[in-house]
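>>> Pasting a predicted model and its sequence here:
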Amino acid sequence: MNSVILQIATRYLKVLFLSFACIAVIRGHNYPGGGFIGGLLAALYIVYSSLAFSVQQIRRQLKVKPQYYIGLGLLCALLSFMPSLVSGAPLMKGIWFTIDSSIIGKIKLGSPLLFDFGVFFTVMGVTLLFLFTLSNHK
Amino acid sequence: MNDVFIAALMIAGALLILIASIGLLRFKDLYSRIHAATKATSLGILLLLIGVIIYFKVLDITLKSILIVVFIYITSPLAAHSIAKSFRDSSDETDTEK
Amino acid sequence: MEILLSALTGLLYAGGVFLILRRSILKFIIGIIFLSNATNLLVFLSAGIVHGKPAFLDGVESDSGKLADPLPQALVLTAIVIGFGIVIFTLALKYKFFITTSTNDLDQLKNTDV
Amino acid sequence: MTLIALPILLPFMLIIVLVFIRSTFYAKIIGVIGSALLFLVSVYLLILVSHNEMLVLQVGGWEAPYGISLVVDYLSSLMLLAASFIVFAVSIYAYRFVKAKRGFSMFFIFFFALTMGVNGAFISGDVFNLYVWFEVMMLSSFVLITMGAKKEQLEGGIKYLTLNLIASLLFLAGLGLLYGKTGTLNMAHLAQILNNDQQSILMNTSAMLFFIAFGIKTAIFPLFFWLPASYHTANITVTSLFAGILTKVGVYTLIRFFTLFFVQNGYFWHNLLLISAGFTMVIGGMAASIQYDTRRILSYHIISQIGYMIMGLGIYTPLAIAGAIFFTIHNMVAKTNTFLIMGIIKKIKGTFYLKDLGGLFKEKPFLAILFVISAFALAGIPPLSGFFAKFILIKAGIEDKHYLIIAVAVLTSMLTLYSMIKIWNQAFLRVQPSKTKVDERVKVAVFDYLPSALLALGSLMLGILAAQFFDLTLLAAKQLLDPGIYVEAVLNTMK
Amino acid sequence: MILILILYLVLALALFLIPKKLSKGIPFPLAFMQLVFFVFFISQLSLVETEKARIISIEWIPYLGLNLEFTLDGLSMIFVLLITFIGFLVFIYAQVYMKSYAGTTRFYFYLLLFSGSMLGLVLSTNFIQLFIFWELTSVLSFLLISFFNEKEKARKAAFQSLFVTGFGGLCLFVAVLLIGSIVDSYMFSDWLDKAHVIKSDPRYLPALIFVLIGIFTKSAQFPFHFWLPWAMQAPTPVSAYLHSATMVKAGVFLLARLYPVLGGTIEWDYIVTFIGALTMLVGSYLSITQVDFKLVLAYTTISALGILTMLFGIDTKLSVKAALVFLFVHAFYKAALFMLAGYISKQTGTRLIPKLGGLMKFTPWGFVIALISLLSMAGIPPMLGFIGKELIYEAKFDSPWMSSILIFLGVTSNVFMVAVSFLLLSKVFLGQSKTSIKSHNTKYKLLLFSPGILAFLSLGLGIFPDMLTPIIEPALNVIHSGNFQIKLKLWHGFNQILLLSMITALLGLLLFIILNRYKSVIKVWNRINSQIFSISFTNVFFKGLDRFISFSGKNTRLIQHGYNRYYIITIILYTSLLLILQLYLTRGWEIGLTFNLKPFYISGLAVVIAMSVFFSVFSKNIIFTISAMAVTGYGISLIYLYYSAVDLAITQIIVETLMVVMFVLVLQGLPKFASLSSRMAKIRDGVISLVFGTIMTIVTLKAITVDFNTSISGYFVDYSYLKAYGKNVVNVILVDFRALDTLGEITVLSIAALGVYSLLNKRK
Amino acid sequence: MRLIKKIYLIISFVIYYLMKLIQANLHIAYDILSPRIRVNPGFVWISLQVNTNAGILLLSNLLSMTPGTLSIEVSPDKKKLLVHCLYIKNELDIVADIEGMQKRIIELTQ
Amino acid sequence: MDFGVLDLSIFICFTLMLLALLFAFIRLVKGPSTFDRIAAMDLMASITMGFVLIYSIVISNGIYVDIAIVISLISFIGTVAISTYLKQKNTKK
Ligand code: NA
Ligand code: NA
């Protein structure tokens, strides 16, 4: 778009989008959200910035190739099965453990959360790859 | 009493949104339409959100509502701006199909 | 309400079918999106509809009878995301087709048969 | 029992590894080794099944109707075995092919995604999960079929995609209705509910939607258009893979659905299947007879032969279903091989067109032998595997007094014979037409023959060990015709 | 026995291991092997006489009734002896004959496999097993006919023979399965036990017809005879072996084998006799005007096969006896003549009779062989052929019906045979020599060995016919189950049969003289022939095939026309049709619902969505269409929201937005909407889509109103927090209860993205 | 101390802005609903005194959200802002109005 | 909450919102320029948000506010995207 206003706004939207995306993933198990929504939100931020600047510019700024996000996401999903395999439970059984720290309070962490992060990264990577390749052609 | 207050807020909000859409419909040129659509709507949503905050009276939702206000006041003008700018930049040869 | 929603689903199907029968590339894809929306709606509706009771639990206690069926929601969510991927791929494919052949007319596609 | 998930998880792991690997060389190595592992896994699964009757994994440890069940019975494991055998052979073939073209560096990712989808479809015991695997399979096949992005590939790809997309939408709709009717997605649970159910509109409508969706995937009449429009446009490696596997997944699901839970109202369904089968055979065979592009001949034959498989299901006796399974697996192996051979021929002669081919018998006698084995197997010439397949089916049909369809089947097999002889006479026997320019520099290495030889050996073994193999298919058929076994195994394993 | 069969296979495969240098010497050991087998079987002859049969059974696929069973009884013995003995001679012959060609290893491989298959065929008493061998012989015949694969004619001939015999094979197969379904077994013994059951079953007639089609194609009976003359494209040893002595007799063998099971009915008698007689006549008639030596032989073979068939149709002990004797008669003289034809064409470079003549001077031995064999063919004493003919006449006299017609036809046919024999003799061996033998090659001398032996047998057995009785008697006993004693004599005394023979010979001689003297006669005859038989069967066959293919072509173009839209229309219409059928069958239109619009805002929303669908469909502006699509998506998300699907609604909104963005990205490279369809097309499509939409409406309505009793969802709600520690049940389903779905889903997405990348990525 | 001042500034700004917002909204609402629409649109270039990004964004967005004004473009050197005004009867009034807002924003962001 | 002020007001609210939606839709259909359509689409997104907020009060469930967040966060991206496209398309000419 080549608009200064839009470009300036990216900086502030970044904080909002990414933090909200993370919140969506982490809270997703209990409240609306989850890996998909989080991943899509995160990707939408990049979509927006590439509209404000240009896709090429954003592509250059992004250090990691979108393919690797996809790989990372799939890997996370795969790794989330490992606890169940190691502990001899049926495959993909959610394994949970509780972190009991005095500062934050009780937090339940489990392999499904890792899985959700896998979804997050995959979805993000996928959307980015869509974005970059669909606008690559000119 | 509380209910009446909430009701008033909500009707006001909805009314503003309706007015915005009437503006969008009635105004003669694009800029004016954008003016109408953006502003009144945002205020309308703001009023609705105040109604929501008062209705639920929960911190969680209050925070969320404030977050929405912040979002709207960042994104809504950006949208309006981008339409207007795009229109202006291409107005030498305005896109008038049909 | 059920009749109206069914009719809406049917309309989405009809619109989708009409669009995928067009020769223009983009109309075709929009047709697919409509069909996909229609199907999602069909899946969603056929499980029975409950309004205003989203499947979020407050705590340990559960009241399964009152909440909306979460399973079709999950299914449709999955279907939406899959549909998204497929639509974008279709878009890319048709786009590639356009830049390779520089025609928008799907009827030009009749050389590979017979 | 985690092992059951390996046919899905192994390709998944391979995909992850391949995403991170940039070197085509390593990708190829991983591709071949991975496929070999997959093959070993499916062999092992078959052994396990022959000991335990049925293997069940409740994914995530969630009890049967609630979570997703992965089920491996005889049918599944046979299909898995055949598919992974083909995948293995094609991966070796692709080993050469990926080197040849640099644009195909991601080939193995999609290759394994396809495998993952196919395997998932074979072992899934859950209707929606099956849908997901179908989508995995479909999308990766979209990518594979358009790889290279030549004009005709895009054209074929678009038709392929369009019609398959409609299929998957109908699948989803049918699934929605099924859930709306029964409140469950687990196949065993569905069987339990629907087999006690008097026929209801919703069930029948949903069955109809599934029939059409799978019908499109399976390429039955009049839903097959996508196949002849696209198969011959893709790279021959891809076509071989598709020819062997894709439509057969459709056959698998038809068999699964119409033996496990859509068993009410059998008269209607079986007749519908038989009518479809008849038309599919004849039209496919007729269309094949006019073609001069070898790939098209073979593509139409896929359709024609799908008819036989569907016929087996339509006759619906243990023998007929065993025959359908036998036929399917025989066809997977032989059909893939004929395509691979056409690929080798293309490499040697630079063309797929019969009019420009010739002299191969003299030049490449070994190739000729490989072709004869597969082609004669397809034509049903004894004592090759195709003969037994047809024998079982026709026997079943005659015993159940389906004379009309048997007449059609028999006459159609003449068409198959005609086409195979046509290829044989023109490409192999006659003298190379002088106008064809053959690139003398092209060297065909022994390695190129390896996958084809492997498949030919498979074809031969199916013929030689027909008795043993038939026993397996019969076991599969008996298992299928007694849904109680399946229900029992899936719903009770946790107790 | 099985060992022998396996030996054939192993040896055949082993042929390829023999180094190139030695490959020329292959046939002698093989011929010797055949001889050994012949002797072995001869030694079994006494066993066959005493024990009736020697059976070996092996279980193979019992469920399918497919157990291997090899039986050496009187009937199979005859054929076994023929196969091994003529095989022995053919291999010796081929040693010399094939020397100059390339690919002889392949040739012997086929030939050896053929011998084995043929043996397997005649030894099989399981009919599926028999069919397997039957088809193998067809295939090997195909491979042998197309041995000179670079000649188009050879390929065409091979194809034709395989197509015709393959068709027959399938008919036979169906017949076997039909009978099998009657008696629930494919074993000969079971069929024999239940012969009366089979004959009284309604499936008998179709089974019989199919069996006979199989037999008639294999044994080149009218109207399937046309492949045989074409098959002469094969190397001469093949013609001698397959197409005169053995393979074509497989049909006759099967006729004999099945006679006790299927024979003896009116249907059998009439069909078999009639077709046989017709073939006999047609074959001999057509043979007269042929100019190619081998073709003359081919047509006379057809005639002989017709005789054999007819004899099994006449259905008396005498006729069967005659048939069995004639089997030998024909095998001996015909194989000899074929080999001789090969010898002559080797020596002279031609097989065309008009180009030959006066060969007697060059090959006196050849002449002697030809004389004996042709006399045998003409049925002149003291050749074995005479005995055969006598027996045939006797059988015809003895025929319970139509005997006079049969005799008339038989005499006519034999007159032709006699004339042909004399014609061959005079034109090839007597008179002026037209082509000098290019180089009187002594290396071909050996080619006369095999025909010589056969000619010697024709003569010797004619004089001492009783030597054949130990072979024929058991066979007759198998076919006509019983215990018969037969006597074969050269001299029967003066009776009507001898009279008939003499009339035949005289008429034949007369015909020969006319044809020889007046060249114009044969020309006229040829013209008449070409008028009457202008439709050559081969032409009909290939024309028919072409016709069929062009029909298929039209058909295919009609179905697979290339227009994607019409494919979609077909699929949608088919779906609609089936769904309507389904709704009709289950009275699906009855819906017990009243129309209401509560709550009004969702109704209003639905109306807006409907309108946006409408405009999206009919708009000509891309952006408008896309916005309307987005509005539709947003609207649907509100419906999800209203019906409690929060995560779903969010996802729908985000995806819709992303979709818009992606569209826009691509849009930059795409043209404007073009209005491409005609008005009519739009109306048609509109109707189709409305029909489909209506059906889906009804279906959806049904789905909403039908309620299941219990859903598995209750479990998720109950245990989502207790076991999976999550309050958002939908999310818990996605990442825990049904995580496998999600796994597949992210795979789909990844593949889509990587696919788009590989499709559009420029760097290639 | 500065914090308190900042909070004070923010609150006073919010109140100031809300007042303007409501006032302007009522104005436009009246305009929309009145039978004859009396608008007199036009463009005004404003010179920017705020020089922080945050300030520019805040200004332009707040201007956009206040009825009557809509920021169209910031010059690439971030010195000037193009505003579209619905009621351009008195250009100087509008410019002065915006100047006032700019001052408050500068106070706020420094 | 028994039938009272709130119920009535909600009825009124929804009526107003529906009318707004309808008007926006008319603008979407009428155009005339593509920019008008985008403006209408943008407004419709806001109306959707309004719907959600009112509905959250109707069923007194705070979870629905989350949806409003998402809409407020992303709905403008579509608008920006189309505007960008139009601008590029028109400047290209
Ligand atoms: Na806005
Ligand atoms: Na329902």
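On my side now, so go ahead. Ligands and ions are numbered 1, 2, ... in the order given.

>>> any idea which element the most centrally placed residue in chain F lies in?
The C-alpha lying nearest the average C-alpha coordinate of chain F belongs to residue F:63 (CA atoms, centre = their mean; 3.2 Å). For residue F:63, the host element (DSSP states H and E) is helix F:53-65.

>>> in that helix, what's buried?
F:53, F:55, F:56, F:57, F:58, F:59, F:60, F:61, F:62, F:63, F:64, F:65 (16 or more other CB atoms under 10 Å in any protein chain shown). Bear in mind the C-beta positions are built from the backbone N, C-alpha and C, glycine included.

>>> and it, does that touch chain B?
Yes. With CB under 8 Å from any CB of the partner chain as the measure, helix F:53-65 is seen reaching chain B through F:60, F:61, F:62, F:63, F:64, F:65.

>>> what's the offset of the helix or strand encompassing residue E:128 from the middle of its chain?
In this assignment (DSSP H and E), residue E:128 forms part of helix E:127-145. Centroid separation between helix E:127-145 and its chain, computed with CA atoms, centre = their mean, to the nearest Å, is 9 Å.

>>> How about stretch E:410-429?
Using CA atoms, centre = their mean, the offset of stretch E:410-429 from its chain centre is 34 Å.

>>> what pLDDT, on average, does that stretch get?
In this model, stretch E:410-429 has a mean pLDDT of 83.

>>> Buried residues, that stretch. List them.
Using 16+ other CB under 10 Å as the test for burial, stretch E:410-429 gives E:410-425, E:427-429.

>>> Spell out which parts of the stretch 101-250 of chain D neighbour chain C.
Residues of the stretch 101-250 of chain D lying near chain C (CB under 8 Å from any CB): D:128, D:131-132, D:135, D:138-139, D:142-143, D:146, D:149, D:151-152, D:154-159, D:161-162, D:165-166, D:169, D:172-173, D:175-177, D:179-181, D:183, D:185, D:225, D:228-230, D:232-233.

>>> From those, list the buried ones, please.
Using 16+ other CB under 10 Å, the buried members of those are D:128, D:131-132, D:135, D:138-139, D:142-143, D:146, D:149, D:152, D:154-159, D:161-162, D:165-166, D:169, D:172-173, D:175-177, D:179-181, D:183, D:185, D:225, D:228-230, D:232-233.

>>> ok, and of those residues, which contact chain E?
Among those, the ones lying near chain E by CB under 8 Å from any CB are D:128, D:132, D:135, D:139, D:142-143, D:146, D:149, D:158-159, D:162, D:166, D:173, D:176-177, D:180-181, D:183, D:185, D:225, D:228-229.

>>> For chain F, which segments count as helices?
F:2-33, F:53-65, F:91-109 (DSSP state H).

>>> what's the angle from the longest one to helix F:91-109?
Right, the one you point to is helix F:2-33. 150 degrees (axes from the mean of the first three to the mean of the last three CA atoms, to 10 degrees).

>>> Briefly note if helix F:2-33 comes near chain B.
Yes. Helix F:2-33 is in contact with chain B by CB under 8 Å from any CB, via F:21, F:22, F:24, F:25, F:28, F:29, F:31, F:32, F:33.

>>> Identify the residues contacting stretch D:71-79?
Outside stretch D:71-79, the residues within contact range by CB atoms under 8 Å, 6 or more residues apart in numbering or on different chains are D:4, D:42, D:45-46, D:48-49, D:53-57, D:80, D:122-125, D:187-188, D:248, D:252, D:255-256, D:325, D:328-329, D:472-473, D:475-476, D:479-480, D:485-486, D:489-490.

>>> Now with 7 Å, please.
D:4, D:42, D:45-46, D:49, D:54-56, D:122-123, D:125, D:252, D:255, D:325, D:329, D:472-473, D:475-476, D:479-480, D:486, D:490 (CB atoms under 7 Å, 6 or more residues apart in numbering or on different chains).

>>> Many thanks, have a good one.
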